[in-house]
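Participant: A structural model of the following input is requested.
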Amino acid sequence: MGKNWNKALYSHLQEWLNFQLGNIQTRPNKLTPQEIETLHRFKQSLKNRRANLLKIHASVHPYRIQKHGKQENISYRLVCSRLFKIREKYHLEEHILNRLAKSHDGHIVIDKILPEETAKEPTMDMFPNEENRTFDYDRRAAVQYAERWWNDYNPVYRKFTNNCTNFISQCLRAGKAPMRGIPDRGKGWWYGKSSWSYSWAVAHSFRWYLSGSTNGLTAAEAESANDLGLGDIICYDFNGDGNWQHTTIVTGFDGNKEPLVNAQTENSRSRYWKYEDSTAWTPNIKYKFFRIG
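Facilitator: Reported below is the predicted structural model:
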């Protein structure tokens, strides 16, 4: 089924891997301009961090192929892991990328990132309000949840197209963060059978909830990423326009003692916190750092 495009796609991805490793200087020419810029920014980030990229492993998993004459659209999942060394510390970063490659007569024309698809909504019993419960954050449990589910979806919860903040809320809940505000969607932080607060699943609402909450799930704003510990939260305004679009949780630290984060939507594990290797990054990016509890 894939003999026309298979070899071309693998050859293109090999160029992509070798360019990151520095084995070749010619950039992959089938990527979008935005992704090419991202690759250059990633390589500059390695220099700034004095990080060595030792190894990359990638596997391709096609899940939909559409044919239109000599043109084929190949939707595939790229599973990628990168081994870094910073000072004397090693860490493994993992990404899951949904991508679309378009070929014509067996030649790759373009290869680009696809947005996440929406999955089914599972059932769930309503959680009670717990706003008067003492909050003793279990950081270990929150990080363990982030490690268990970064590339999977707990059937107890709904999955959203943009699932990053829903995932982070689940991590916090696993860390015994109390819910409050049910059933008002604009109040508190909570999840129920058929409804949830905006702050549970919307990055912008979650960021402002953390800044203002004085009971239930609470947090203190930190000055920099270096002030964060395991289980703490980073919020991202990629365009610097006041619209907060993404959320991550700290799950480790690199050899420079800078945070590594887990996240969903573009599922990632032990990713460098600045997101300079993301196509969403812009020079105007703003971050907000929160110490939970």
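Participant: tell me the mean pLDDT over stretch 151-164?
Facilitator: The average pLDDT for stretch 151-164 rounds to 96.
Participant: Stretch 104-123 too?
Facilitator: 70.
Participant: same thing with stretch 192-200?
Facilitator: Rounded mean pLDDT across stretch 192-200 is 95.
Participant: And that stretch, what's buried?
Facilitator: Across stretch 192-200, burial judged by 16 or more other Cβ atoms under 10 Å covers 192, 196-200. For the C-beta atoms, the positions are set from N, CA and C on the backbone; glycine is no exception.
Participant: Endpoints of it, how far apart?
Facilitator: By Cα to Cα, to the nearest Å, the extent of stretch 192-200 from end to end equals 10 Å.
Participant: How far off centre is that stretch?
Facilitator: 21 Å (Cα atoms, centre = their mean, to the nearest Å).
Participant: same thing with stretch 17-36?
Facilitator: That offset, for stretch 17-36, works out to 22 Å (Cα atoms, centre = their mean).
Participant: Flag every buried residue along it.
Facilitator: The neighbour-count check on stretch 17-36 (16+ other Cβ under 10 Å) flags 17, 19-20, 28, 30-31, 35-36 as buried.
Participant: then it to CSV, C-alphas only?
Facilitator: C-alpha atoms of stretch 17-36 as CSV (Å, rounded to 0.1, in the frame of the first residue of the first chain):
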residue,chain,number,x,y,z
LEU,A,17,17.0,13.7,12.0
ASN,A,18,20.5,14.3,10.6
PHE,A,19,20.0,18.0,10.4
GLN,A,20,19.2,18.1,14.2
LEU,A,21,22.2,16.0,15.0
GLY,A,22,24.5,18.2,12.9
ASN,A,23,25.4,15.4,10.5
ILE,A,24,24.3,17.5,7.6
GLN,A,25,24.0,21.3,7.1
THR,A,26,21.4,21.3,4.3
ARG,A,27,18.0,21.9,5.9
PRO,A,28,15.1,19.6,5.0
ASN,A,29,13.2,21.4,2.2
LYS,A,30,9.9,19.6,2.5
LEU,A,31,9.0,21.2,5.8
THR,A,32,6.9,24.4,6.2
PRO,A,33,9.0,27.6,6.6
GLN,A,34,7.7,27.9,10.2
GLU,A,35,9.1,24.4,11.1
ILE,A,36,12.5,25.2,9.4
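Participant: How are the strands of the protein distributed by residue range?
Facilitator: 51-68, 71-86, 89-104, 107-113, 219-222, 233-237, 246-253, 259-263, 268-272, 286-292 (DSSP state E).
Participant: Dump these to TSV, plus distance to Ile182.
Facilitator: Formatted as TSV, those follow (distance: least, Cβ to Cβ, whole Å):
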stretch	distance to Ile182
strand 51-68	37
strand 71-86	36
strand 89-104	33
strand 107-113	36
strand 219-222	20
strand 233-237	22
strand 246-253	21
strand 259-263	26
strand 268-272	31
strand 286-292	21
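Participant: Please identify which of those strands is closest to Gly175.
Facilitator: strand 286-292 (7.5 Å; Cβ to Cβ).
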